[in-house]
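fold the following for me, if possible:
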Amino acid sequence: MASLRHQLRHVYEYFKFLDETNAKILQKLATIGPRNISALAKATRLPITTVRFRLNKMIEKGQLLVTVNPNLPKLGLAKAFLVANASLGCHDTLRKAIESTEYWTYFVRCYGKMDGYCAYFAFPHKSMNEVEDYFREISARKIVSDYRLFWITNSFYNSPDFSWFDFGKKEWKLQWERWVKEILEASDELPAILRDPQSYEPVVDKADLLIIKELEKDAAIDLKKLAKILKITPQSVGTRYKKHIVARNLVANFNVDIYPFPLEISELFNFVIGFTDEKRLAKFAKASEKKPFIVSYAKSIGHDLLIANIYILKSEFPKLINSLNRLYSEEVITDFSYVTLDPSSFRRQTVSYEYFADGRWATNLKVNLNTLR
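The predicted structure follows:
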């Protein structure tokens, strides 16, 4: 599995020859995706032939990867985030404990206030109590000395936006004062993706999950390849994609894998940010939607907290912290904490479709716990 460090270094090379035409296409990919070329052409006001050629060229050269983020509640899955401080000598055991859940989607080594791991999961909704018991037992066994487990909404992944990019100089101009001002003046309506789920009733079957699994790896996968995996015709795959994946809203959004800053002079962080109330959280989220340093964020269900991943130039990090302190003074946020993430340790897997059968998800965390040493 390719590490995030390799991806970041590779993707940054793209910015050496970024032009405004490619930028227009990239900005629309997160909402339209790579499959609907005519819609992309219409949204960018570019010829279909130009969009198709540019998109294919970026993909073929490995400069661009577009993946889908499943709408987890529609799959019957509850998203969770863990940040844990491993007890001394227990880092490998903590990693195994995360992997043993079988429903992890992402984990990465973290340092700072918590020296251990950050991890995202997509657990069966009906197993939430079992999951909480699992991590309490991990703590009781002294595998971790401290941990925080959050049930969260679908994550919002930032789409590329080049408003703060100088195409002539090929550099970003981060405008911190403007960001704070935009937060204070933004709409206080909570974005739909951050609203607490109303239902976790699954509206999928195994074939839908197989399609989603492949789209999580590459949203531009050829229908013929999908057809071979599902052992049906390409026409049937196309019909299922339209009538199930799209019509049932099984995809929350598209993730356009573009990172704006060179790895060697940048850092990746996870922040947990508390807000005065939901309206101020909404303001922060709305004003941060297209900022180049924001990778993704999700809301803690039932709480005024955002879990945010931030990728930023080291030289700009003090300005970020100063801006957050300013937002505290403005009574927007109540507190924040962060850990540094190690991109070289990043691991990711797709939704655990293999544990779904007859409309239900299977878990066996107690048995899995007994395998830990």
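
could you list the domains of this structure?
Listed domain ranges for the chain are 4-64, 174-195+261-344, 205-247 (source: automatic domain parsing).

so for the first one, mean pLDDT?
Going back to what we said before, that points to domain 4-64. Averaged over domain 4-64, pLDDT sits at 82.

tell me, how many residues neighbour Glu171?
12 (other C-beta atoms under 10 Å). No exception for glycine: its C-beta is placed from N, CA and C like everyone else's.

reformat the domains of the chain as TSV; add mean neighbour count.
Below are the domains of the chain laid out as TSV (neighbours: other C-beta atoms under 10 Å):
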stretch	mean neighbour count
domain 4-64	16
domain 174-195+261-344	17
domain 205-247	16
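
any chance of those domains in CSV, with distance to Ser352 too?
Formatted as CSV, the domains of the chain follow (distance: least, C-beta to C-beta, whole Å):
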stretch, distance to Ser352
domain 4-64, 21
domain 174-195+261-344, 19
domain 205-247, 9
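
out of those domains, nearest to Ala86?
The minimum distance between Ala86 and the domains of the chain falls on domain 174-195+261-344, with 12.2 Å, by C-beta to C-beta.

so after the lowest-mean-pLDDT helix or strand in the chain, what's the next helix or strand?
When the helices and strands of the chain are compared on mean pLDDT, DSSP states H and E, helix 4-12 comes out lowest with a mean of 57. Using DSSP states H and E, the next helix or strand after helix 4-12 towards the C-terminus is helix 20-32.

so where is this structure shaky, pLDDT-wise?
Counting by pLDDT under 70, the chain contains low-confidence residues at 1-17, 367-368, 373.

which residues of it fall in helices?
Using DSSP state H, the helices of the chain run over 4-12, 20-32, 37-44, 48-60, 91-100, 128-140, 176-185, 206-217, 223-230, 234-240, 278-287, 317-329, 365-369.

and the fourth one, what does it pack against?
Identification of packing neighbours for helix 48-60 by 3 or more C-beta pairs under 8 Å, 6 or more residues apart in numbering; DSSP states H and E yields helix 20-32, helix 37-44.

how about those helices in TSV, adding distance to Val251?
As requested, the helices and strands packed on helix 48-60 are arranged in TSV below (distance: least, C-beta to C-beta, whole Å):
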stretch	distance to Val251
helix 20-32	11
helix 37-44	15
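
what's the closest of the ones you listed to Lys169?
Ranking the helices and strands packed on helix 48-60 by proximity to Lys169 (C-beta to C-beta) places helix 20-32 first, at 13.7 Å.

which elements pack onto the closest one?
helix 37-44, helix 48-60, strand 251-256.

switch to 10 Å and redo it
helix 37-44, helix 48-60, strand 66-70, strand 251-256 (3 or more C-beta pairs under 10 Å, 6 or more residues apart in numbering; DSSP states H and E).

picking that back up, including distance to Ile152, could the helices of the chain go into a markdown table?
Formatted as a markdown table, the helices of the chain follow (distance: least, C-beta to C-beta, whole Å):
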| stretch | distance to Ile152 |
| --- | --- |
| helix 4-12 | 20 |
| helix 20-32 | 20 |
| helix 37-44 | 30 |
| helix 48-60 | 30 |
| helix 91-100 | 16 |
| helix 128-140 | 12 |
| helix 176-185 | 21 |
| helix 206-217 | 18 |
| helix 223-230 | 29 |
| helix 234-240 | 29 |
| helix 278-287 | 13 |
| helix 317-329 | 20 |
| helix 365-369 | 19 |
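
out of those helices, flag the one nearest Ser344.
helix 4-12 (4.4 Å).

circling back: among the domains of the chain, which is nearest Glu130?
domain 174-195+261-344 (17.3 Å).

quick one on the thing from earlier: could you dump the helices and strands packed on helix 20-32 into TSV and include distance to Ser87?
What follows is these, written out as TSV (distance: least, C-beta to C-beta, whole Å):
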stretch	distance to Ser87
helix 37-44	50
helix 48-60	44
strand 66-70	33
strand 251-256	34
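
for the helices and strands packed on helix 48-60, which one sits closest to Arg195?
Proximity of these to Arg195 was assessed by C-beta to C-beta; the nearest stretch is helix 20-32, lying at 18.0 Å.

tell me the angle that closest one makes with strand 251-256.
160 degrees (axes from the mean of the first three to the mean of the last three C-alpha atoms, to 10 degrees).

pull the distance from helix 20-32 to the chain's centre.
18 Å (C-alpha atoms, centre = their mean, to the nearest Å).

only alpha carbons, please: show it as PDB.
What follows is helix 20-32, C-alpha atoms only, in PDB (Å, rounded to 0.1, in the frame of the first residue of the first chain):
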ATOM      1  CA  GLU A  20      -5.600  27.800 -15.100                       C
ATOM      2  CA  THR A  21      -7.300  25.300 -17.400                       C
ATOM      3  CA  ASN A  22      -6.400  22.300 -15.300                       C
ATOM      4  CA  ALA A  23      -7.300  24.400 -12.200                       C
ATOM      5  CA  LYS A  24     -10.900  24.900 -13.500                       C
ATOM      6  CA  ILE A  25     -11.300  21.100 -14.000                       C
ATOM      7  CA  LEU A  26      -9.900  20.300 -10.600                       C
ATOM      8  CA  GLN A  27     -12.200  22.700  -8.800                       C
ATOM      9  CA  LYS A  28     -15.300  21.000 -10.200                       C
ATOM     10  CA  LEU A  29     -14.100  17.400  -9.700                       C
ATOM     11  CA  ALA A  30     -15.100  17.200  -6.000                       C
ATOM     12  CA  THR A  31     -18.700  17.800  -6.700                       C
ATOM     13  CA  ILE A  32     -19.200  16.300 -10.200                       C
END
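
residues contacting Lys181?
The contact partners of Lys181, taken as C-beta atoms under 10 Å, 6 or more residues apart in numbering, are 175, 287.

do you know how far it is from Leu190?
The gap separating Lys181 from Leu190 is 20 Å, by C-beta to C-beta, to the nearest Å.
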